[in-house]
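Q: Got a sequence here, can you build the structure:
(chains A, B, C and D)
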2 protein chains.
Amino acid sequence: MTKSAKSLLPKVPQVPGTNRRAQFSASTKRALVEVAEQLFTEHGYSGTSLDAIVSGADVTKGALYHHFSGKQALFEAVFERVEDAASRHITKAIRGERDPWQKSIQGLRAFMEVVRRPEYRRVVIQDGPAVLGYERYREQEERSTFANVLDIVQSVLEAGHWELDKEMTETFTRIFFGAMGAAGESVATSADPVAAGARVETAIGFILAGLRALVDAGVELDGLPRTED
Amino acid sequence: MTKSAKSLLPKVPQVPGTNRRAQFSASTKRALVEVAEQLFTEHGYSGTSLDAIVSGADVTKGALYHHFSGKQALFEAVFERVEDAASRHITKAIRGERDPWQKSIQGLRAFMEVVRRPEYRRVVIQDGPAVLGYERYREQEERSTFANVLDIVQSVLEAGHWELDKEMTETFTRIFFGAMGAAGESVATSADPVAAGARVETAIGFILAGLRALVDAGVELDGLPRTED
DNA sequence: GGTATCGCCATACCGGCGGTACGTACTCAA
DNA sequence: TTGAGTACGTACCGCCGGTATGGCGATACC
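A: The predicted model follows:
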């Protein structure tokens, strides 16, 4: 009564070579991450105790500290899991789209869907920067969702035959990434997400239309308006 | 030796009616906020203990809990202080500017300066959402920096003679606010902030030029491109 | 002018939480 | 069979946010 059986054991005798311990180990690790994801989403990082996590996963702190160096490392694993799922969702949505403008809208819509997931909002957007720190937070973004936005921005920029160096492309991407994040947040927190989503599409579409107008006019990047003071 | 004198006392005899106790009280409260701002900036919210704060302010926890309901309330006071300073800086920068496009650039530059302050980056951007929670975080933004961006966006939209309802204007503002935040972050974390700032100005200026092109072309908001699927 | 009251703050203490030290059962290779 | 290493469980520590309580000086009131 004091301690429940850990889990259902696979009854089949394993082929020698793939040892069973490793399988059990992987399953407890997965259980920890899944329970942690749920609790972090529900109560936030600081609002979730390690005792609650290990209790939910039916293990003890010894197991947790065997697989992870600490609470932050466990959060990081959850973070990567959520980010990966989001990234795959967006990648799938824009795959095969050739027209850069269409690609932008499709990517935007996919991102809108992602940002409505509670685990993404809480783990990635809200707690991510504070827990991981900003530099580590950006490293993680860099190789997931950010890469999708970079892909889209590049195709748009190429449509304008603007040859930009790496830094300039990244600057554009960061700006659009921030814009989409804010847009997503406004949708996610809205009382009427559908209407809010429509407004965001209109607004982003409008900005894209402006860029398109510059493309059609054959505007050079050097010729953009500067402030003289 | 165990306890230092709290502070220099104002020697002047006070005018009756403004009691001295209230002055001392206000000064210790100010001291707490100032020390907390410094420590929160340096070590983050969770990395700063109340003991460190009260020790730095030469008071005890009793004083802290007399003025604030807890650690989060103290953070909130610091947050408001930093946000207010930022907001005033931007307001000052765009005051008197009539041309909406000039206003945008000026506001952008001012925001770039703000986002380079360590206290703003750490307290507002990094720790703010996690500590205050997102809804409270946005409430705070709403009546400070966000109001500045709203002002700028409104003047730009008016330049295009686009009459938008409140929600649509706010959507635009949120998007630009997010874009500027990301832009600022890319500048602040850059190894060469000056060059990064120039790139941001180029990119934002380019986007604004696109909107300007739509204005000059007399494009209606209804007529913006939609995706048909 | 004594005294009750209240604001301002110090001291001592508690419970919870992240982290650690150490023991143990089990597996696998030699 | 046995030594080594993996995968945990158990007990415990130190810190930190929060609370309870009391003292002390200023103010208000009679």
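Q: can you pull the contacts of the residue nearest the centre of chain A?
A: In chain A, the centroid-proximal residue (CA atoms, centre = their mean) is residue A:83; its distance is 3.3 Å. Residue A:83 sits next to A:124, A:140-141, A:144-145 when contact means CB atoms under 8 Å, 6 or more residues apart in numbering or on different chains. Backbone N, C-alpha and C define where each C-beta goes, glycine included.
Q: Could you rerun that using 6 Å?
A: residue A:144 (CB atoms under 6 Å, 6 or more residues apart in numbering or on different chains).
Q: The helix or strand harbouring it and DNA strand C, any residue contact?
A: Assigned by DSSP states H and E, residue A:83 belongs to helix A:71-94. Yes. Helix A:71-94 lies within reach of DNA strand C by CB under 7 Å from any atom of the strand, at A:71-72.
Q: ok, now which ones touch the closest residue to residue A:64 other than its chain neighbours?
A: Using CB to CB, 6 or more residues apart in numbering or on different chains and skipping residues adjacent in sequence, the residue nearest residue A:64 is residue A:54, 5.4 Å away. If you count contacts by CB under 6 Å, 6+ apart, residue A:54 has them with A:60-61, A:64.
Q: let's see 8 Å
A: By CB under 8 Å, 6+ apart, residue A:54 lies in contact with A:32, A:60-61, A:63-64.
Q: which of those lies closest to residue A:120?
A: Distance to residue A:120 across these (CB to CB) is lowest for residue A:32, with 19.9 Å.
Q: Show the pLDDT at residue A:111.
A: We have a pLDDT of 90 for residue A:111.
Q: what helix or strand does it sit in?
A: Assigned by DSSP H and E, residue A:111 belongs to helix A:100-114.
Q: again with residue A:201
A: Using DSSP H and E, residue A:201 maps to helix A:193-217.
Q: Quick one: list the elements packing against that helix.
A: helix A:100-114, helix A:145-159, helix A:166-188, helix B:166-188, helix B:193-217 (3 or more CB pairs under 8 Å, 6 or more residues apart in numbering or on different chains; DSSP states H and E).
Q: mind checking the SS state of the residue nearest to residue A:64?
A: With DSSP: H, G, I helix; E, B strand; the rest coil as the basis, residue A:54 sits in helix.
Q: I'd like the distance from it to residue A:127, if you could.
A: Per CB to CB, to the nearest Å, residue A:54 is found 20 Å from residue A:127.
Q: What of residue A:31?
A: For residue A:31, the distance to residue A:127 - CB to CB - is 21 Å.
Q: Which of these two has more residues huddled nearby?
A: Neighbour count, other CB atoms under 10 Å in any protein chain shown: between residue A:31 and residue A:127, residue A:127 has more, with 23 against 19.
Q: Check whether the more buried one really touches residue A:41, as I assumed.
A: No. With contacts counted by CB atoms under 8 Å, residue A:127 stays clear of residue A:41, the gap being 9.5 Å.
Q: list the residues that contact both of these two?
A: What both residue A:127 and residue A:41 touch, as defined by CB under 8 Å, 6+ apart, is an empty set.
Q: Enumerate every residue touching residue A:169.
A: For residue A:169, the contact set (CB under 8 Å, 6+ apart) comprises A:150, A:153-154, A:157.
Q: Apply the buried test to these and list what passes.
A: With burial judged by 16 or more other CB atoms under 10 Å in any protein chain shown, the buried subset of these is A:150, A:153, A:157.
Q: if I look at the first one, how far off is chain B?
A: The one in question is residue A:150. Note on residue A:150: its distance to chain B, by CB to the nearest CB, to the nearest Å, is 13 Å.
Q: same deal with the last one?
A: When CB to the nearest CB is the yardstick, residue A:157 and chain B sit 10 Å from each other.
Q: gap between that residue and residue B:157?
A: From residue A:157 over to residue B:157 the distance is 26 Å, taken as CB to CB.
Q: How about the second one?
A: In this structure, residue A:153 and residue B:157 are separated by 24 Å, where distance is defined by CB to CB.
Q: Please apply the same query to the first one.
A: With distances taken as CB to CB, residue A:150 is found 29 Å from residue B:157.
Q: for residue A:141, same thing?
A: 31 Å.
Q: what do you get for residue A:151?
A: According to CB to CB, residue A:151 stands 30 Å off from residue B:157.
Q: Just the buried positions in the helix holding residue A:201, please.
A: Neighbour-count burial for helix A:193-217 [16+ other CB under 10 Å]: A:196-197, A:199-215.
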